[in-house]
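**Student:** Below is the sequence, then the predicted model.
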Amino acid sequence: MDPRLIAALILSPFVLVFLYAGIHEYRRYKSEGRAQYGLQYDEETGTTHVTALSEDEDGYDHEDFDPNEVNANKDDKNV
């Protein structure tokens, strides 16, 4: 089999996913306007995820985060 064909077969799923994400984001932009993305902290699970932030909302700043404080709060709730 031709090496170019093998390379195209390997890369095609990634290209399709990238195009799908681009089309999805473009449609979101046309319907909702410009979005600001940032990290959002979920206190229940202790994890962060990237999401669109509203105008008045600040993103999660990992420099200001103290894991010991969160763990102490979880221990207080469990007692």
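**Tutor:** Good, I have the coordinates. Keep in mind that what you see is a predicted model, and the values were worked out from it rather than measured.
**Student:** Give me the secondary structure label for residue 40.
**Tutor:** Secondary structure state of residue 40, per DSSP: H, G, I helix; E, B strand; the rest coil, is strand.
**Student:** quick one: pLDDT of the nearest residue to residue 40 once chain neighbours are set aside?
**Tutor:** Nearest non-adjacent residue to residue 40, counting by Cβ to Cβ, 6 or more residues apart in numbering: residue 51, 4.8 Å away. All C-beta spots, glycine's among them, are computed from the backbone N, C-alpha and C. Predicted confidence (pLDDT) for residue 51: 78.
**Student:** how far is the host helix or strand of residue 51 from where the chain is centred?
**Tutor:** In the assignment (DSSP states H and E), residue 51 maps to strand 47-53. Its chain's average C-alpha position is 5 Å from that of strand 47-53, according to Cα atoms, centre = their mean, to the nearest Å.
**Student:** what do you get for stretch 3-21?
**Tutor:** 23 Å.
**Student:** Just the buried residues of that stretch, please?
**Tutor:** Neighbour counts over stretch 3-21 (16 or more other Cβ atoms under 10 Å) mark no residue as buried.
**Student:** And the strands in the protein, which stretches?
**Tutor:** 36-42, 47-53 (DSSP state E).
**Student:** What would the last one look like as CSV? C-alpha coordinates only.
**Tutor:** Yep, that's strand 47-53 we're talking about. Coordinates of the C-alpha atoms in strand 47-53 are reproduced here as CSV (Å, rounded to 0.1, in the frame of the first residue of the first chain):
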residue,chain,number,x,y,z
THR,A,47,-11.7,18.9,39.6
THR,A,48,-11.5,21.7,37.0
HIS,A,49,-12.8,21.8,33.5
VAL,A,50,-12.7,24.3,30.6
THR,A,51,-16.0,26.0,30.0
ALA,A,52,-17.4,29.3,28.6
LEU,A,53,-17.6,32.0,31.3
